[in-house]
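Trainee: what's the 3D shape of this:
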Amino acid sequence: MIQSECQGGKMNKVRKNVIIILFIAGILMLSSACFAQTPIRKFGRGVANLITSPFEIPKSIQEKLYDEGPVAALTYGLFDGIYKFVLRGVVGVYETVSFPIPFPTDYEPIVEPEFLFGPDEPYTFEDVD
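Mentor: Predicted coordinates:
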């Protein structure tokens, strides 16, 4: 009887210590979110990259069309778009699977732009003059 009460007391101390450690870890994680990316953002970025990766092909063709003309768009633009499609897709899989791991440092994005369609690069279809 006495032995089981001692084991119960040890278990309560262990539980209490685990709760304290988890609480402190949670506070540290919340405070670090002010200075860096977060695991949730990395996960969302990975899912977004998976979904939007096929749009790299027409985006690259459009960019080459405006910058270098139709021949470059249909050749270099197509292959550049395929390359970016594969790259963004692979990075999307990696970031979705590894979102709890802070690699690269502080969950920084691997590809730029972080999201294919963002405020930095508006994606529009315009008439070519």
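Trainee: Just confirm Met45 contacts Ser98, I think it does.
Mentor: Wrong residue type there; residue 45 is Arg, not Met. No - using CB atoms under 8 Å, Arg45 is not in contact with Ser98; the gap is 11.6 Å. Quick note: C-beta positions are derived from backbone N, CA and C, even for glycine.
Trainee: what are the phi and psi angles of Ala73?
Mentor: Backbone torsions of Ala73, given as degrees, to the nearest 10, read phi -60, psi -40.
Trainee: So what's the predicted local confidence for it?
Mentor: pLDDT for Ala73: 96.
Trainee: Show the pLDDT at Ser31.
Mentor: 45.
Trainee: Give me the more crowded residue out of Arg45 and Ser98.
Mentor: Counted by other CB atoms under 10 Å, Arg45 and Ser98 do not tie: Arg45 has more neighbours, with 22 against 15.
Trainee: Could you tell me how many residues sit around the residue nearest to the more buried one when sequence neighbours are not counted?
Mentor: Computed as CB to CB, 6 or more residues apart in numbering, the closest residue to Arg45 that is not its neighbour in sequence is Glu95, at 5.6 Å. As a burial measure, Glu95 scores 25 neighbours (other CB under 10 Å).
Trainee: ok, now Asn12?
Mentor: Neighbours of Asn12 using other CB under 10 Å come to 10.
Trainee: same deal with the one 10 residues further on?
Mentor: Residues contacting Leu22 under the criterion other CB under 10 Å number 10.
Trainee: And what about it, helix, strand or coil?
Mentor: helix (DSSP: H, G, I helix; E, B strand; the rest coil).
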